[in-house]
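Undergrad: quick one, fold the following:
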Amino acid sequence: MLMTTSDFKRHNPADPVQDVTNFDFWDVNYRFLTNEISSAGLLFPGNSGLKDNEPLSISNLAAYKSRPNIWLSTDGLVKSFYSTIMTDLGQTAPGPNILLNETALDFYTRNFTDMFNHIANAIPGPGIKSYAETKGETGSLGTTPAMFGAKYLCQVPQQKSTGTLLISILVADVVFMQLLWNAFKLATTECLVRKKPEANYCVGCGSRNNYGLIDLAATPGLASRSDDPAEMRSLDTE
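TA: The predicted model follows:
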């Protein structure tokens with residue numbers, strides 16, 4: 001036999017003090033596949049044997065021994081799972097929770113002795129003893145609110161001091177002004193070189209060779225010739 005799906009939901013979720021030991025705690029819906037030839041291949045509420053006006057609850061399914069007749073064990077398992085999740089999430093408000101209710105916990109653990117005839121674990125403790133036997137050693141029941149946390153990087157804007165702000169602005173302005181000044185010098189130099197080529201030659205070179213700056217600019221390569229006066233005079237006669 002294989003259970004394909006089942007659904008347990010609160011009979012009245014709006015009632016926060018509903019008795020968790022009540023077998024009408026859940027509304028049940030289920031589907032089972034069976035490989036027994038003598039029975040229907042699918043077990044579902046429609047062939048459970050309940051009357052049309054009877055709610056589909058654990059108590060009714062157990063009373064009619066509806067196949068597969070595992071309802072009381074399933075009820076305890078689902079409620080244990082439900083209570084464990086609620087406790088792990090820190091749900092401390094009074095409500096249907098086995099782990100926060102001494103009466104309910106005692107009710108669902110009282111048959112541990114019979115259950116563990118089929119379980120290998122024999123270590124003494126809450127796993128094989130009922131709550132009534134161990135409550136003197138475990139202390140009172142309870143839980144604390146759960147807290148979910150995560151670490152992440154976050155940039156929180158903070159205003160800088162006046163001095164730091166002034167220095168930052170001053171440095172930025174100086175860098176910007178220096179950039180503008182260098183751009184101005186580059187543009188001015190390029191413009192002057194194009195308009196006055198003689199500006200590329202120094203006054204000392206022209207006076208040493210008896211040439212003026214205008215002559216040097218008008219005769220390309222003249223400044224690179226020999227500085228010997230005799231040679232320079234021969235150049236003049238050419």
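Undergrad: tell me the contacts of residue 110?
TA: 130, 132 (CB atoms under 8 Å, 6 or more residues apart in numbering). The C-beta positions use only the backbone N, C-alpha and C, and glycine is treated the same way.
Undergrad: so what's it scoring on pLDDT?
TA: You'll see residue 110 listed with a pLDDT of 75.
Undergrad: return the distance of it relative to residue 79.
TA: 14 Å (CB to CB, to the nearest Å).
Undergrad: pretty sure residue 24 sits against residue 56.
TA: No. Look at residue 24 against residue 56 with CB atoms under 8 Å: they stay out of range, at 10.3 Å.
Undergrad: which intervals of the protein have sub-threshold pLDDT?
TA: The chain contains residues with pLDDT under 70 at 1-4, 11-17, 36-40, 94, 111-129, 139, 197-238.
Undergrad: which residue, other than its chain neighbours, is closest to residue 102?
TA: residue 141 (6.2 Å; CB to CB, 6 or more residues apart in numbering).
Undergrad: the one you found: how many residues sit nearby?
TA: Close neighbours of residue 141, defined as other CB atoms under 10 Å, add up to 16.
Undergrad: please apply the same query to the one 4 residues further on.
TA: If you count neighbours by other CB under 10 Å, residue 145 ends up with 9.
Undergrad: and the residue nearest to residue 102, that one's in a strand?
TA: No. Under DSSP: H, G, I helix; E, B strand; the rest coil, residue 141 falls outside any strand and is assigned coil.
Undergrad: now do the contacts for it.
TA: 99-102, 105.
Undergrad: for the residues you listed, which two are the farthest from each other?
TA: 99 and 102 (10.0 Å; CB to CB).
Undergrad: tell me the domain ranges of this protein?
TA: 2-138, 162-237 (automatic domain parsing).
Undergrad: ok, residues contacting stretch 68-85?
TA: Contacts for stretch 68-85 (CB under 8 Å, 6+ apart): 1, 3, 6, 8, 20, 23, 25-26, 28, 32, 34, 43, 58, 61-62, 96-100, 108.
Undergrad: mind checking which of those residues land in strands?
TA: Using DSSP state E, 3, 6, 8, 26, 28, 32, 43 are the members of the contacts of stretch 68-85 that sit in strands.
Undergrad: check contacts around the closest residue to the fifth one other than its chain neighbours.
TA: Leaving out its chain neighbours, the residue that sits closest to residue 28 by CB to CB, 6+ apart is residue 56, at 5.2 Å. Applying CB under 8 Å, 6+ apart, we find residue 56 in contact with 27-29, 45, 48, 50.
Undergrad: in ChimeraX, how would I select just the buried ones from those residues?
TA: Of the contacts of residue 56, the buried ones can be selected in ChimeraX as follows, counting by 16 or more other CB atoms under 10 Å:
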select :28,48,50
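Undergrad: buried residues, the helix or strand hosting residue 173. List them.
TA: Counting by DSSP states H and E, the element that carries residue 173 is helix 162-195. Within helix 162-195, no residue counts as buried by 16+ other CB under 10 Å.
Undergrad: gap between the two ends of stretch 91-98?
TA: 12 Å (CA to CA, to the nearest Å).
Undergrad: could you dump the contacts of residue 56 to a markdown table with distance to residue 182?
TA: Shown next, in a markdown table, are the contacts of residue 56 (distance: CB to CB, whole Å):
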| residue | distance to residue 182 |
| --- | --- |
| 27 | 83 |
| 28 | 84 |
| 29 | 82 |
| 45 | 88 |
| 48 | 92 |
| 50 | 94 |
